[in-house]
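Chemist: Model the structure of this input:
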Amino acid sequence: MPDIRKSISPNKEFDKNKLKERLTPTQYQVTQEHQTEKQFSNQYYKHREAGVYKCIVCGIDQFSSQTKYNSGSGWPSFYDVMDKQNIRCRKDASGVGGNLLRIIADPSLIRTEVSCKECGSHLGHVFEDGPKPTGQRYCVNSASLDFKADEVQGGDQDEPLLSCPATLGGCGGVDGVCQRVSKMTINKEQSVV
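Modeler: All right, here's what the predicted structure looks like:
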């Protein structure tokens, strides 16, 4: 019988005190305490440089600028990860405080948390309202990422940015409370900004 604890444990463990010294308070709160950074004013929300976004804790490649797009959510959004073997996904009802009546009334309030498989750091959440080809929106905290510019292009080249508005809500700001997007008309045509 497989050891369940081993299958959900990160591959690397980092000393929490050393992480507190190395990371900013926001980076530590997001990656280690599963907090959510402030939307619309974080480092990589409007970042368009070509390159790779790595886990801030262990340095493993997580997202490519080629899959980054504008979801209007206030956080960096990607429609795919570089390698699905580098992430771990799990159901997360923390955004509604475990309020079972709210979850029964609206099961879509249960989000899917995305964490780094290598070190266990919280990255963000994934929703099923992203653009083609995956239909996924990886809504990621900038504080969980470190960017490495593409050396071939020198990092000076901006990536064209796909725009696909989020329709399923998300983390709702710094308090991390789930919010539903109010009903509105969404233009399903994808556009490049």
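
Chemist: bridging residues for the residue most central in space within the chain?
Modeler: Of all residues in the chain, the one closest to the mean position by Cα atoms, centre = their mean is residue 140, 2.0 Å from it. Taking DSSP bridges as the rule, residue 140 bridges to residue 124.

Chemist: Distance of the nearest residue to residue 29 once chain neighbours are set aside relative to residue 94?
Modeler: Nearest residue to residue 29 in three dimensions, chain neighbours excluded: residue 35, at 4.0 Å (Cβ to Cβ, 6 or more residues apart in numbering). For every residue, glycine as well, the C-beta is placed using N, CA and C. Look at residue 35 and residue 94: by Cβ to Cβ, to the nearest Å, they are 10 Å apart.

Chemist: neighbour count winner among these two?
Modeler: residue 35 (18 against 13; other Cβ atoms under 10 Å).

Chemist: Next, the residue nearest to residue 29: secondary structure please.
Modeler: Under the three-state scheme (DSSP: H, G, I helix; E, B strand; the rest coil), residue 35 adopts coil.

Chemist: Assess the claim that it and residue 25 are in contact.
Modeler: No. Judged on Cβ atoms under 8 Å, residue 35 makes no contact with residue 25 at a distance of 10.0 Å.

Chemist: so where's the protein uncertain?
Modeler: 1-8, 98, 152-157, 159-160, 169-193 (pLDDT under 70).

Chemist: where along it do the helices fall?
Modeler: Per DSSP state H, the chain carries helices over the ranges 4-8, 16-22, 25-33, 100-105.
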